[in-house]
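*Asks:* Got a predicted structure plus its sequence, pasted below:
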Amino acid sequence: MFQELHYILLNTFLYGSVALLIASFFAYSKVLNFSLGAYLTFAAYVIWEAIQHGFSLTFWLMLIVFFVSLLLVHWLLVSLFPNEKQREQAWLVITLGLSILIENMIGWVFGPLAISVSGFSFSWWQLLLILLLGSGGLWYRYQKTLVGKLGTAITENEYLVRGMGVSVRKFSLLMWLVLCGLLFLVAWVLLNESSLKTGDGFFYMIKGLGIMILAGIEKKEYLYLTALLYVIVEYLLFVQWGLPLSYKETLILIVILLVLLLRPQGLFSRKKRTL
Amino acid sequence: MQAFLFHILIASLIFALLASGFKTFLKLKGDLDFSYMAIVLFASYASTLLSLKLWLGWIPAMMVSFLMSFPFTLLILYLSNKLDGVYFTLGTLTIYIFFYQFAYNAEWLTGGALGLNNMSSILLGSRKLVGLEQTLLFVAGVAMVIFLLLMLLRKSYFYKLLIAWGEREQVLKALGIATSPYKFALILLTSFLATVGGGLYAMYYHYIDPSSFWLGMLMLVLIIVFLSYKWEEWGTAVVGMLVLFGYEYLRFAKLVPADKLGYFREIIFSFLVLVLAFVLFKKIKVKREI
């Protein structure tokens, strides 16, 4: 019973957090970042390197490459493509290319074997507490605080917020740092609770993307709840009813297609999204 | 050396065909259609299975594969009616990953990660391609016919209507012109190119597995599309030759240890995609917002 609860809550935390990362990066750059899965793998390898070999030269190099590449690509993209329509198509190809580049660089250095760290595991009640605090915090932030509303305002109309004298660049940079912290936290939990190899990050990214689309792109406060619903369905289908586990990754793809076709605004968004 | 050159020529023509379909859609609709790669994967598996299980030659297998891909053509048409811009691209990317996953998981049908091999080189009846020379002649003949048809299409009134649909769909609608037939014709055309390209790929390489159609292949196709974006089909073929030469040279030149070769090639080519996307997306005219 508790083992099953642990499985459900852990996956809710992982999928929900990846969805939160994608949705937040989307909010501040207006584009979907397909390389976030690769960056999740990258972060996991940075942590693994630190645990295995301490703060070695490889660790520092990886850390520098991590932040510089993430910021540089974003800066180049925003500077070179001021037109949002042009940017979203370019961004898609660029982040896919970046994803392959990062995954292969990790493969080159560390090889194809999966990595994991044994030592720490959350109990089910700790996970429940984290999820409740996380969901509650997100809801409070986006519904009640000025900072949350400012983030939504930047997503809706960046130029208007700039016109009101708010430094959007500073605000976005601060959010980026917070999100990078979350990325490392998810990678650390993933390493402790499971294992990871190159290529896995891409499928976590697809899951996060699916959860985000299912909740509604702008509904960040509902991401963990949506992730919980998805994980329960996944658990029922593949654990309780015994569908082949190899099709587990396919479920989210069907969900993405169905949501895009039937309810593109997602489950929790009332207004119809303009496509 | 001669065999290497023949291999480069054949492979580059196949990839030029694949890139032509991708490029045609991008030029006319202004959106990236990743489901194109799903149809390439589907056609490759369908033609291989038809050849292995029903002993069909390449030409009838192609025709049946094209007919079988028809439901996907309708699905993409439906998607293009419902979604636009990045959402359409996202939907098609999902279809691509779905097919890739299915090819991996449906071991009873596709052989899973081990793939399928031994597709015959029979074209029709008892006519069989023997050796690289005959294969090159056949692939070059198919490519030439398709390239000529595409060039004729470009000069036609129908092509101008397709451009008008891509750029000013709302204007066409306001003039009372139904746009769905044009959309359908374009998706059907790119499905046909994907089927022929995928079928030729399976016939030439004699072995396919899901990883053959994964992001590495997509990167190669995108590089050819970006480098030859402003050129016609012959330019696509020339760019295809140069890109494939580089790709295969990295394999045979033994610049890195064998166990690092896969990573090395993907690093080089994904970096190339990054640079090209940054440089060329500024020049590529994407669909206008109306």
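*Replies:* Yes, it's here. Residues are numbered from 1 along each chain as shown, chains lettered A, B, ... in the order given.
*Asks:* give me every residue that touches B:Leu41.
*Replies:* B:96, B:99-100, B:103, B:198, B:210, B:213 (Cβ atoms under 8 Å, 6 or more residues apart in numbering or on different chains). Bear in mind the C-beta positions are built from the backbone N, C-alpha and C, glycine included.
*Asks:* Most neighbours among these, please name it.
*Replies:* B:Gly198 (32 neighbours; other Cβ atoms under 10 Å in any protein chain shown).
*Asks:* Quickly find the element holding the nearest residue to it once chain neighbours are set aside.
*Replies:* The shortest distance from B:Gly198 to any residue other than its chain neighbours is 3.4 Å, reached at B:Ala43 (Cβ to Cβ, 6 or more residues apart in numbering or on different chains). Secondary structure from DSSP states H and E places B:Ala43 in helix B:35-54.
*Asks:* Just after that helix, pick out the following helix or strand.
*Replies:* helix B:58-68.
*Asks:* Determine the next helix or strand in the C-terminal direction from that next one.
*Replies:* Defined by DSSP H and E, the subsequent element after helix B:58-68 is helix B:70-82.
*Asks:* counting contacts, what elements does that next one pack onto?
*Replies:* helix A:248-262, helix B:35-54, helix B:85-105, helix B:180-205 (3 or more Cβ pairs under 8 Å, 6 or more residues apart in numbering or on different chains; DSSP states H and E).
*Asks:* could you give the angle of the last one to helix B:35-54?
*Replies:* Between the axis of helix B:180-205 and that of helix B:35-54 there is an angle of 50 degrees, by axes from the mean of the first three to the mean of the last three Cα atoms, to 10 degrees.
*Asks:* how far off helix B:58-68 does helix B:180-205 point, in degrees?
*Replies:* 140 degrees.
*Asks:* Quick one: distance of the next helix or strand after helix B:180-205 to the chain centre.
*Replies:* Next helix or strand after helix B:180-205 toward the C-terminus (DSSP H and E): strand B:207-208. Taking Cα atoms, centre = their mean, to the nearest Å, the mean C-alpha location of strand B:207-208 is offset from the chain mean by 16 Å.
*Asks:* Mind checking the pLDDT average for strand B:207-208?
*Replies:* Mean pLDDT, strand B:207-208: 90.
*Asks:* do the same with stretch B:33-47
*Replies:* Here the average pLDDT along stretch B:33-47 is 92.
*Asks:* ok and the lengthiest helix in chain B relative to helix B:85-105, angle-wise?
*Replies:* Counting by DSSP state H, the longest helix found in chain B is helix B:2-29. For helix B:2-29 and helix B:85-105, the angle between their directions (the same axes, to 10 degrees) works out to 140 degrees.
*Asks:* mind checking how far stretch B:56-65 is from the chain centre?
*Replies:* 17 Å.
*Asks:* For residue 176, give me its contacts.
*Replies:* Assuming you mean chain A. Contacts of A:Trp176 (Cβ under 8 Å, 6+ apart): A:28, A:70-71.
*Asks:* quick one: which of the residues you listed is nearest to B:Ile163?
*Replies:* Closest to B:Ile163 out of the contacts of A:Trp176 is A:Tyr28 (35.4 Å), distances taken as Cβ to Cβ.
*Asks:* and the gap between that closest one and A:Thr250?
*Replies:* 31 Å (Cβ to Cβ, to the nearest Å).
*Asks:* Which one of these two is surrounded by more residues?
*Replies:* Just comparing A:Tyr28 and A:Thr250: by other Cβ under 10 Å the higher neighbour count belongs to A:Tyr28, 20 against 17.
*Asks:* helix/strand/coil for that one?
*Replies:* helix (DSSP: H, G, I helix; E, B strand; the rest coil).
*Asks:* Could you find the closest non-adjacent residue to it?
*Replies:* A:Ser172 (4.6 Å).
*Asks:* phi, psi of the one you found?
*Replies:* Phi and psi for A:Ser172, reported as degrees, to the nearest 10, are phi -60, psi -40.
*Asks:* Let me know the pLDDT of B:Glu169.
*Replies:* Predicted confidence (pLDDT) for B:Glu169: 69.
*Asks:* which regions of the chain sit below the pLDDT cut-off?
*Replies:* Answering for chain A, as no chain was given. Confidence mapping of chain A against pLDDT under 70 gives the ranges A:82-86, A:270-275.
*Asks:* sorry, should have said chain B
*Replies:* B:124-125, B:166-169, B:283-290.
*Asks:* Which residue ranges of the stretch 101-250 of chain A form helices?
*Replies:* In the stretch 101-250 of chain A, helices defined by DSSP state H, counting those that start in this stretch lie at A:124-144, A:146-156, A:158-163, A:168-193, A:200-215, A:223-235, A:248-262, listed in chain order.
*Asks:* Please apply the same query to the stretch 101-250 of chain B.
*Replies:* Under DSSP H, counting those that start in this stretch, the stretch 101-250 of chain B gives helices at B:107-110, B:131-155, B:157-167, B:169-174, B:180-205, B:215-227, B:233-252.
*Asks:* check contacts around the residue lying closest to A:Val18 once chain neighbours are set aside.
*Replies:* Once flanking residues are discounted, A:Val18 sits nearest to A:Gly208: 3.1 Å by Cβ to Cβ, 6+ apart. For A:Gly208, the contact set (Cβ under 8 Å, 6+ apart) comprises A:15, A:17-22, A:36-37.
*Asks:* Tell me who's in contact with B:Thr195.
*Replies:* Per Cβ under 8 Å, 6+ apart, neighbours of B:Thr195: B:39-40, B:43, B:62, B:65-66, B:69.
*Asks:* that older thread, farthest pair within the contacts of A:Gly208?
*Replies:* Across those (Cβ to Cβ), the longest gap, 13.9 Å, separates A:Leu20 and A:Gly37.
*Asks:* Same drill for those two, tell me which one is more crowded.
*Replies:* Neighbour totals were compared for A:Leu20 and A:Gly37, and A:Gly37 leads with 27 against 24 (other Cβ under 10 Å).
*Asks:* measure the closest residue to that one other than its chain neighbours to chain B for me?
*Replies:* In space, and not counting its chain neighbours, A:Gly37 is closest to A:Met205: 2.8 Å by Cβ to Cβ, 6+ apart. The gap separating A:Met205 from chain B is 11 Å, by Cβ to the nearest Cβ, to the nearest Å.
*Asks:* Same question for A:Lys219.
*Replies:* 16 Å.
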